[in-house]
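Undergrad: Sequence plus the predicted model coming up.
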Amino acid sequence: MESTWVDVGGRRIHTRWNPSATATDQPPIVLVHGWGVSGGYFTPTAERLAQRGYAVYVPDLPGHGKSDTADAPLDIAGLADVLIEWLDAMGIGRADWVGHSMGCQMVVDVSVRYPSRVRRLALMGLTTDPAHCSAPAQFFRALYACAFDRPGLLYYLIKDYMRMGTRLWPEALAMLRDPVEEKLTKLTQPVLLMRGQRDAIAPQRWLERAAQLARAERVVTIPKWGHNINYSAPDAVVAELCDFLDPPAS
């Protein structure tokens, strides 16, 4: 994976990508990170997809990772709009989208409001479970879920959260206030839902409900791991993604 920067609304947006992709018959895959972090923790999944020849793109949203910061905090719709502007700047027309955690909410918003830009979407650790839609509940569930991720994840979390600083709170409010349940009913694209077995942020009950709302093709539970399966279980995640993104010809 290599780094590149593009101008989006007068700000530099950083992206990890593999310019040597060989699977030119497949649409590019866009991986969208979650709350407060950058695309760095997507590296294990991105590298494995790249090794299979896919064109993979992992943008850092404004204020995250190596991207410039927006003048004011952005809500889910605002972040989704940035993703579309970024798509245009990168010269990408239509893509397969993979969201993790709050990134799922952005991908769902993109899919509803810009359906022509989305072929298929995979949602991992979908937030926010409406039964526990409060900051304290999410905090304690995150502590539990992250205890079942690989220890190396802490490097990304500490580094990225320190960069976000006080901007973490308004972004958390945007996540909690987003009516993702309503948006799921409006999806027209094929959907895959995934979670780690120990993911208390996205419990099985919530994913099964989300699957009904989105008329998802499949709900997958990755054994053993917590919330960040894109980092902790990349081989299992990529196997599921490839089956979903490359369905057999009918």
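TA: Structure's in. What do you need?
Undergrad: ok, which stretches of the protein are helices?
TA: Here the chain has its helices, by DSSP state H, at 43-51, 76-90, 102-113, 135-146, 153-164, 168-177, 180-184, 204-214, 229-232, 234-245.
Undergrad: In contact with the residue nearest to M90 when sequence neighbours are not counted: list those residues for me.
TA: Of all residues not flanking M90 in the chain, V6 sits nearest, at 6.0 Å (Cβ to Cβ, 6 or more residues apart in numbering). (Each C-beta comes from the backbone N, C-alpha and C, glycine too.) Residues near V6 by Cβ atoms under 8 Å, 6 or more residues apart in numbering: 12-13, 15, 86, 89-90.
Undergrad: Throw the helices of the chain into a markdown table and include mean neighbour count, mean pLDDT and distance to M194, thanks.
TA: Formatted as a markdown table, those follow (neighbours: other Cβ atoms under 10 Å; pLDDT from 0 to 100; distance: least, Cβ to Cβ, whole Å):
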| stretch | mean neighbour count | mean pLDDT | distance to M194 |
| --- | --- | --- | --- |
| helix 43-51 | 20 | 96 | 11 |
| helix 76-90 | 19 | 97 | 20 |
| helix 102-113 | 25 | 98 | 10 |
| helix 135-146 | 15 | 71 | 14 |
| helix 153-164 | 15 | 91 | 17 |
| helix 168-177 | 16 | 92 | 19 |
| helix 180-184 | 18 | 96 | 15 |
| helix 204-214 | 17 | 96 | 8 |
| helix 229-232 | 26 | 97 | 7 |
| helix 234-245 | 18 | 97 | 6 |
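Undergrad: picking up where we left off before, which two of the contacts of V6 have the greatest separation?
TA: Farthest apart among the contacts of V6 by Cβ to Cβ are R12 and M90. That separation is 13.0 Å.
Undergrad: Show me the residue sitting in the middle of this protein in space.
TA: G99 (2.1 Å; Cα atoms, centre = their mean).
Undergrad: Just give the closest residue to that one, not the sequence neighbours.
TA: The shortest distance from G99 to any non-neighbouring residue, by Cβ to Cβ, 6+ apart, is to V107 (3.6 Å).
Undergrad: That neighbour and V32, how far apart?
TA: For V107, the distance to V32 (Cβ to Cβ, to the nearest Å) stands at 5 Å.
Undergrad: what sits in contact with each of the two?
TA: The contact sets of V107 and V32 overlap at 97-99 (Cβ under 8 Å, 6+ apart).
Undergrad: what would the residues you listed look like in JSON lines with distance to V112 and pLDDT?
TA: What follows is the shared contacts of V107 and V32, written out as JSON lines (distance: Cβ to Cβ, whole Å; pLDDT from 0 to 100):
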{"residue": "W97", "distance to V112": "12", "pLDDT": "98"}
{"residue": "V98", "distance to V112": "17", "pLDDT": "98"}
{"residue": "G99", "distance to V112": "13", "pLDDT": "98"}
